[in-house]
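S.K.: Build the 3D model from these lines:
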Amino acid sequence: MVRVAPLVIAIVLMGYTMYSWNNDSKQSMLIIQLLLGFMVGGNRDTNL
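M.R.: Sure thing, here's the model as predicted:
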């Protein structure tokens, strides 16, 4: 359950990027990088 959540979030992020790619690609990339970084950081904290 704990490992499935980030996977679902990643899939939703991918879908969101594909949808909003034509609108503002730079802004979307910034948001994705922030969310991915936050996800990786959170996973590291829980693993420790």
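S.K.: can you give me the strands in this protein?
M.R.: Ranges of strands in the chain, per DSSP state E: none exist.
S.K.: any weak-confidence spans in it?
M.R.: For the chain, the stretches flagged by pLDDT under 70 are 1-2, 20-25, 42-48.
S.K.: And the helices in it?
M.R.: 4-20, 25-47 (DSSP state H).
S.K.: May I see the buried residues of the first one?
M.R.: By 16 or more other C-beta atoms under 10 Å, the buried positions in helix 4-20 come out as Leu13. The C-beta positions use only the backbone N, C-alpha and C, and glycine is treated the same way.
S.K.: can you list the residues that contact it?
M.R.: Outside of helix 4-20, the residues within contact range by C-beta atoms under 8 Å, 6 or more residues apart in numbering are Ser28, Met29, Ile32, Leu35, Leu36, Met39, Asn43.
S.K.: Now restrict these to buried residues only.
M.R.: Using 16+ other C-beta under 10 Å, the buried ones in the contacts of helix 4-20 are Ser28, Ile32.
S.K.: Alright, calling it a day.
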